[in-house]
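Participant: Just the structure for this:
(one chain, ligands or ions: 1)
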Amino acid sequence: MSVLVYVEQVEGKFKKSVFEAVSYAKAIADQQGTSLSAISIGNVADSELNELGKYGASKVLKVEADQLKNFVNQAYASVIAEAAKKEGANIVVLSNSFSGKGLAPRVAVKLEAGLIDGAVELPTSDFSVKKTAFSGKAFAITTLTSANKVIALNPNAFGVKENPTSIAIETFSPEVKSSDLAAIVKEIVRATNKVSLPDAEIVVSGGRGLKGPENWGMVEELADLLGAATACSKPVSDADWRPHSEHVGQTGIAISPNLYIAIGISGAIQHLAGVSSSKVIVVINKDPEAPFFKVADYGIVGDAFEVVPKIIAALKAHKG
Ligand SMILES: Cc1cc2nc3c(=O)[nH]c(=O)nc-3n(C[C@H](O)[C@H](O)[C@H](O)COP(=O)(O)OP(=O)(O)OC[C@H]3O[C@@H](n4cnc5c(N)ncnc54)[C@H](O)[C@@H]3O)c2cc1C
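Facilitator: Model (predicted):
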């Protein structure tokens, strides 16, 4: 009985959400009085793998097969399940990232495990876990009674917690079946070098209140100053003011950054479904009755065309 955490790499590096998943998995291992191993797939330098020890992983299995250089859902799920069997792990933890969302149910099927996706808290003594439900509009407490368990942790729900331990790196070479490579990623072409929306810690988002695409300069400038990604409401991307990849909400991307700044967005329930699990929400809207203010941590009632340039000027002065 032990805990295994899948550590997703992007171009050989781990993101904050991975260290968070390791921190969470370590806390579960401590609850269970057992050890934590990690499984890394793809080419990652040992110096990067060693970083996992900072957050409590005492072993990492590294898998470096050529066919697994790029993410392949079926094959990665098989490798993670094989790693769990090898380690005798009855609990597998992943980040509920874009790829984690695809992997978690597949790993659960392979291990005949119960699954909790979108976990936001540690399990209780009877293995009940609080998780998001209905696109973030509610929480559910789900109890896993199965022997094997898979948990996908929502990014930014637990935080990164240092728990240093010495880590052993072990090469793992599971058999990769050709049936697991039926659909493969041949090439990854980045649309932009900007921070990707699901991974961004800060997101600056604009709505129809910005009147037109020509007014997005200030949104981008504010985002650049904060090292943030940009997002938008659905009508904005429907009108082609912004690309569809920026659309957040029930029918768009669900995000949970540390800081979400909503400019000229009313806060319709379908929009909130994708952003309400942000840690801190700042709303800028000229209508004091805008529904977004009900879920805001900080609200500025004012015209975006006056407020945003003032924030930009203040940030520049601060940075200067
Ligand atoms: C099935 C379904 C799914 C949907 N999915 C999504 C989704 O995933 N994401 C999503 O966003 N929407 C979604 N919608 C649409 C959603 O219901 C709202 O219509 C949409 O979110 C409204 O976008 P908005 O807030 O940008 O625009 P509006 O509702 O037009 O609001 C604009 C806001 O800007 C403010 N404003 C105007 N001028 C200024 C100014 N100068 N300064 C400051 N504030 C100003 C106004 O007071 C207003 O609050 C969905 C709808 C349906 C039916």
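Participant: Would you point out the helix or strand in the chain whose mean pLDDT is lowest?
Facilitator: Of all helical and strand segments in the chain, the minimum by mean pLDDT, DSSP states H and E falls on strand 9-10, at a mean of 91.
Participant: in its sheet, what does that strand sit against?
Facilitator: strand 13-14 (antiparallel) (DSSP bridges).
Participant: after the partner strand, next one along is what?
Facilitator: Downstream of strand 13-14, the first helix or strand assigned by DSSP states H and E is helix 16-32.
Participant: chain center to that following helix: distance?
Facilitator: Relative to its chain's centre, helix 16-32 lies at 14 Å (C-alpha atoms, centre = their mean, to the nearest Å).
Participant: Name the residues of it that are buried.
Facilitator: For helix 16-32, burial by neighbour count (16 or more other C-beta atoms under 10 Å) applies to 17-29, 32. Using the backbone N, CA and C atoms, a C-beta is placed for each residue, glycine as well.
Participant: Also stretch 191-199?
Facilitator: By neighbour count with 16+ other C-beta under 10 Å, stretch 191-199 contains the buried residues Val195, Ser196, Leu197, Pro198, Asp199.
Participant: need the strands for the stretch 201-320 of the chain, in chain order.
Facilitator: Assigned by DSSP state E, counting those that start in this stretch, the stretch 201-320 of the chain shows strands spanning 202-206, 229-232, 259-263, 280-285, 298-301.
Participant: is the third one up against the ligand anywhere?
Facilitator: Going back to what we said before, that points to strand 259-263. No - using C-beta under 6 Å from any ligand atom, strand 259-263 never reaches the ligand; the gap is at least 6.7 Å.
Participant: Against which helices or strands is that strand packed?
Facilitator: Applying 3 or more C-beta pairs under 8 Å, 6 or more residues apart in numbering; DSSP states H and E, we find strand 259-263 packed against strand 202-206, helix 217-226, strand 280-285.
Participant: can you give me the angle that strand makes with helix 217-226?
Facilitator: For strand 259-263 against helix 217-226, the angle by axes from the mean of the first three to the mean of the last three C-alpha atoms, to 10 degrees is 170 degrees.
Participant: Show me the domain layout of the protein.
Facilitator: Domain assignment for the chain by automatic domain parsing gives 2-181, 197-319.
Participant: what comes into contact with stretch 102-120?
Facilitator: 6, 24, 73-74, 76-78, 80-81, 84-85, 92, 94, 96, 101, 129-133, 139, 142, 144-154, 157-158, 277 (C-beta atoms under 8 Å, 6 or more residues apart in numbering).
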